[in-house]
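J.: Give me coordinates for this.
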Amino acid sequence: MGLHDASTISRVQSRWCFTSEILLGLILIIAFAFSPTGAYDPLDPNGNITIKWDIMSWTPDGYLAVVTMNNFQQYRHIESPGWTLGWTWAKKEVIWSMVGAQTTEQGDCSKYQGNIPHCCKKNPTVVDLLPGTPYNQQIANCCRGGVIASWAQDPINAVSAFQVSVGSAGTSNKTVRLPKNFTLLAGGPGYTCGPAKKVRVSKFLSADGRRVTQALMTWNVTCVYSQFLAQKTPTCCVSLSSFYNDTIIPCPACTCGCQNNIAQPGSCVEGLPVPSTPGINTPSKNLAPLVECTPHMCPIRIHWHIKLNYKEYWRAKVTLTNFNYRMNYSQWNMVVQHPNFDNVTQLFSFNYKPLTPYGTINDTAMLWGVKFYNDMLMQAGPMGNVQSELLFQKDKQTFTFKQGWGFPRRVYFNGDDCVLPPPDAYPWLPNMSPPLRVGKAFLLIVSFVLSAYLLAFL
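T.: Residues are numbered from 1 along each chain as shown. Presented below is the predicted three-dimensional model:
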């Protein structure tokens, strides 16, 4: 082989290596883009928050609109401190007044005399009003402090709305310009909003059901959630145990972070703190949790225990523990995927709703607490846990305890994917029956009897 052939082969090999790196990079990008932590949720493929603007009437220099936020996510809700909505005006619009919400800043309105607008900022930021707001400042579905329930858990409260009067805007369908650059914060990042799109106008039925009215103009904005954007680390983990194996499989170490009290004192709390300790239960401005020092360092741990085995049924116990000293989880929920949920017989102290993201396959369940009983998961401490038991009927064709079949395939808490232990660490059935253990006292008695028997015949 000559030098020319060798150099040619070398160039081909280098190009192949370069091409392989590009292909590997593309594969990784696609994998992350379609992973469960991305915007697409395989257990709730159509989940989103839709923001609808309905222009109800024209004003001398603009319009009066009702903005409605519908949470179409099955199990992801917006909890305290609530939603924050922002956008950028297309022209030089101002907000004359609002009902059911308010902007966080007024902006520079110095050029106006007499009637001063509510907000003159090019990019206003809007928040919901708090409960207890005077009735003359409310509209329907407002004033809950920005809290929106999930669609499956509480569809009546899975909506929030406010009214806004916009000035220095168009006064017809042809002159109105749609706002742009919408942002939605739910106590932090996580949601990505698309552009506003004109849709068919909304129609409204009167209270007596005899008249239908409609908006003058309607546009929608769709926002989707990504756990990858919301936080850098997981927020929950799963531990496992069973009656047939003494081994308790804990959450993987450093699932949500590692203990670092030496380099960063106060990053976690050792043991149970004194309730009067200053700052223990005070939420931080960035909602950073203050968790109990554990190997996994997760705010939430979910423990699944295979408890009992009957002839035609089997029972599991699930326990949710809060390790966060700065958060009470109101209206919490969890989603569990397991093939035996198509034959769940009874639940104790939890609400249950089947989810069927794959059509006829019923292997996913949504669980949440009973109102006024255990619908709030209290902060870390003696009361910081809730638990229930689930009774499943066996299917003789599929049921087995082998190879960890009795443990869940996927677990969510408040819409976030929880980290499970690796499958090879699951408690497995023992390979054989345990050896018969004979006590020392029994052996001594047998020896004494034999000795006495032999001496009698000597």
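J.: What helices and strands are in contact with the host helix or strand of F204?
T.: Taking DSSP states H and E as the criterion, F204 maps to strand 203-205. Packed against strand 203-205 by the contact rule (3 or more CB pairs under 8 Å, 6 or more residues apart in numbering; DSSP states H and E) you find strand 212-214. Every C-beta, even on glycine, is put in place using the N, C-alpha and C of the backbone.
J.: Other residues contacting the strand it packs on?
T.: 201-206 (CB atoms under 8 Å, 6 or more residues apart in numbering).
J.: just checking, next helix/strand downstream of it?
T.: Following strand 212-214 in sequence, per DSSP H and E, is strand 217-225.
J.: Pairing partners for that next one, with directions?
T.: According to DSSP bridges, strand 217-225 forms sheet pairs with strand 49-59 (antiparallel), strand 191-193 (antiparallel), strand 197-198 (antiparallel).
J.: Could I get the ones you listed in CSV, plus columns for mean pLDDT, mean neighbour count and distance to L43?
T.: Shown next, in CSV, are the strands paired with strand 217-225 (pLDDT from 0 to 100; neighbours: other CB atoms under 10 Å; distance: least, CB to CB, whole Å):
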stretch, mean pLDDT, mean neighbour count, distance to L43
strand 49-59, 97, 19, 17
strand 191-193, 95, 19, 18
strand 197-198, 96, 12, 27
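J.: Adding distance to P299, write those strands out as TSV.
T.: TSV is the format used below for those (distance: least, CB to CB, whole Å):
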stretch	distance to P299
strand 49-59	23
strand 191-193	20
strand 197-198	37
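J.: And those: which comes nearest N333?
T.: strand 49-59 (16.6 Å; CB to CB).
J.: For whichever helix or strand comes after that closest one, which helices and strands make contact with it?
T.: Elements were assigned by DSSP H and E; along the chain past strand 49-59, the next helix or strand is strand 62-71. Contacts defined by 3+ CB pairs under 8 Å, 6+ apart place strand 62-71 against strand 49-59, strand 83-88, strand 159-167.
J.: Export the ones you listed as CSV, with columns for distance to T192.
T.: Output for the helices and strands packed on strand 62-71, formatted as CSV (distance: least, CB to CB, whole Å):
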stretch, distance to T192
strand 49-59, 11
strand 83-88, 13
strand 159-167, 19
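J.: I'd like to know which of those lies nearest to N260.
T.: So among the helices and strands packed on strand 62-71, strand 83-88 is nearest, using CB to CB, at 30.6 Å.
J.: That closest one: partners in the sheet, and parallel or antiparallel?
T.: Strands that pair with strand 83-88, judged by DSSP bridges, come out as strand 125-128 (antiparallel), strand 180-186 (antiparallel).
J.: Point out the most buried one among the ones you listed.
T.: Between the strands paired with strand 83-88, strand 125-128 has the highest mean count of neighbours, a mean of 21, where neighbours are mean count of other CB atoms under 10 Å.
J.: quick check, nearest of the contacts of strand 212-214 to G257?
T.: Nearest member of the contacts of strand 212-214 to G257, counting by CB to CB, is S202, at 45.5 Å.
J.: any idea how far the closest one is from Q403?
T.: Distance of S202 to Q403, computed by CB to CB, to the nearest Å: 53 Å.
J.: out of these two, which sits in the more crowded spot?
T.: Using other CB atoms under 10 Å as the criterion, S202 and Q403 rank with S202 on top: 18 against 12.
J.: Identify the residues contacting the more buried one.
T.: The contact partners of S202, by CB under 8 Å, 6+ apart, come to 52, 54, 214-215, 218.
J.: if we go to 10 Å?
T.: Taking CB atoms under 10 Å, 6 or more residues apart in numbering, we find S202 in contact with 52-56, 66, 68, 213-215, 217-218, 220.
J.: try D108
T.: Counted by CB under 10 Å, 6+ apart, D108 has contacts 120-121.
J.: same thing with V67?
T.: So V67 contacts 51-54, 85, 98, 100-101, 126, 160-164, 221 (CB under 10 Å, 6+ apart).
J.: could you redo the last one with a cut-off of 6 Å?
T.: 53, 162 (CB atoms under 6 Å, 6 or more residues apart in numbering).
J.: Could you do L367 as well?
T.: 334, 350, 352.
J.: per-residue confidence at the spatially closest residue to it that is not a sequence neighbour?
T.: Closest residue to L367 apart from its sequence neighbours, by CB to CB, 6 or more residues apart in numbering: F350 at 4.7 Å. On pLDDT, F350 comes in at 94.
J.: Just put the strands paired with strand 83-88 in TSV and tack on mean pLDDT and distance to I306.
T.: What follows is those, written out as TSV (pLDDT from 0 to 100; distance: least, CB to CB, whole Å):
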stretch	mean pLDDT	distance to I306
strand 125-128	97	43
strand 180-186	96	35
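J.: Give me the below-cutoff pLDDT ranges for the stretch 351-458 of the chain.
T.: Applying pLDDT under 70 to the stretch 351-458 of the chain flags the ranges 432-444, 446, 448-449, 452-458.
J.: Quickly note the distance from the residue lying closest to G132 once chain neighbours are set aside to M56.
T.: Counting by CB to CB, 6+ apart, G132 lies nearest to C143, which is 7.9 Å off, once chain neighbours are set aside. Relative to M56, C143 is positioned 19 Å away (CB to CB).
J.: I'd say T235 and D416 touch.
T.: Yes - T235 is within contact range of D416, at 4.9 Å (criterion: CB atoms under 6 Å).
J.: if we can go back for a sec, of the helices and strands packed on strand 62-71, which is nearest C120?
T.: C120 sits nearest to strand 159-167 of all those, at 9.8 Å, using CB to CB.
J.: Please consider this matter closed, and thank you.
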